[in-house]
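Q: got a sequence here, can you model it:
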Amino acid sequence: MLIQQADPDIAEDRKWVKATNPSGVPVWSHAGNVCTGEIYKQVVKLTFFHGASLDDPNGLFNSSLDGNTRRAIDIREGEKLNSTAFKNLIRAAVARNVGSDSARSESSKSKKPTKPAGSTKKAAGTGLQKGKNGVVLLSGGNPQIAKADGDAPVQQYIAAMPGWKSELGRRLDEIIVRNVPDVHKAVRWNSPFYGIEGQGWFLSFHVLTRYVKVTFFAGKSLRPIPPGGTPKSGEARWIDIYEPDALDEARMASWVKQAAALPGWEP
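A: A predicted model of the protein is given here:
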């Protein structure tokens, strides 16, 4: 939950599955590997791939301190993790990856011919792609749009959503505007946000590899309650929409109107 809060674009995978370790290892990545999470008898170990390169002013790293590259956090039963410091470490690790990727991309520009505008290509060494209008697609195909307020950045995000997801984004935006005419729009953390001035955000959606996640920040108060949620997701609930799914516009409109009338989320 903390990792997702620190970077909503982070990808979650299970790697290195083998006969001696059939469950594999959880890995979080964004423009490269960020950290792993492993369970041992006495500790849960979070290993940062490039931890030695990160500032750790709160001293969270307490393991693998002798190496030149990796650093780890061992958490024992009864210990409380400094959530703010941990999220800052995740953001720093992602920023390092993105910065390294930008440097590689700049270096490669003079060596490779430029593809025609609007083409889709992978960024060097990361699996990231450039989608429509040259917008970078992050993990899962999520468009990378700079933080900004207003309709324009939201429309830029929707236009850059890959494939069938762009039309779904357009329909979601229309439903929200039709049912909440005074809605305030913005892009935050590479996701469209919808809210009411002075009341906070009530909805956001986000592109993932196979679906679009629509999150209601006060989802537990909606009727019916949206199906997505975990014991750790607080008041938020969401719905994951896949390509074959038929969008229930009437239900979505009802949720939007209910959510807009409730106190919103303020970061």
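
Q: for the stretch 101-250 of the chain, which segments count as strands?
A: With DSSP state E, counting those that start in this stretch as the criterion, the stretch 101-250 of the chain has strands at 121-122, 129-130, 136-137, 148-149, 184-188, 191-196, 200-207, 211-216, 237-242.

Q: any chance of TSV for those, columns distance to residue 253?
A: C-beta: built from backbone N, CA, C; applies to glycine. Output for the strands of the stretch 101-250 of the chain, formatted as TSV (distance: least, Cβ to Cβ, whole Å):
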stretch	distance to residue 253
strand 121-122	38
strand 129-130	33
strand 136-137	29
strand 148-149	24
strand 184-188	17
strand 191-196	13
strand 200-207	12
strand 211-216	12
strand 237-242	13
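
Q: how about those in CSV, adding distance to residue 14, mean pLDDT and mean neighbour count?
A: CSV is the format used below for the strands of the stretch 101-250 of the chain (distance: least, Cβ to Cβ, whole Å; pLDDT from 0 to 100; neighbours: other Cβ atoms under 10 Å):
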stretch, distance to residue 14, mean pLDDT, mean neighbour count
strand 121-122, 22, 48, 11
strand 129-130, 22, 68, 18
strand 136-137, 22, 91, 21
strand 148-149, 35, 96, 14
strand 184-188, 29, 96, 19
strand 191-196, 24, 96, 22
strand 200-207, 21, 96, 23
strand 211-216, 18, 96, 22
strand 237-242, 19, 94, 18
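
Q: of all those, which lies closest to residue 85?
A: strand 184-188 (21.9 Å; Cβ to Cβ).

Q: show me what the closest one pairs with in its sheet, parallel or antiparallel.
A: Looking at strand 184-188 with DSSP bridges, its partner strands are strand 148-149 (antiparallel), strand 191-196 (antiparallel).
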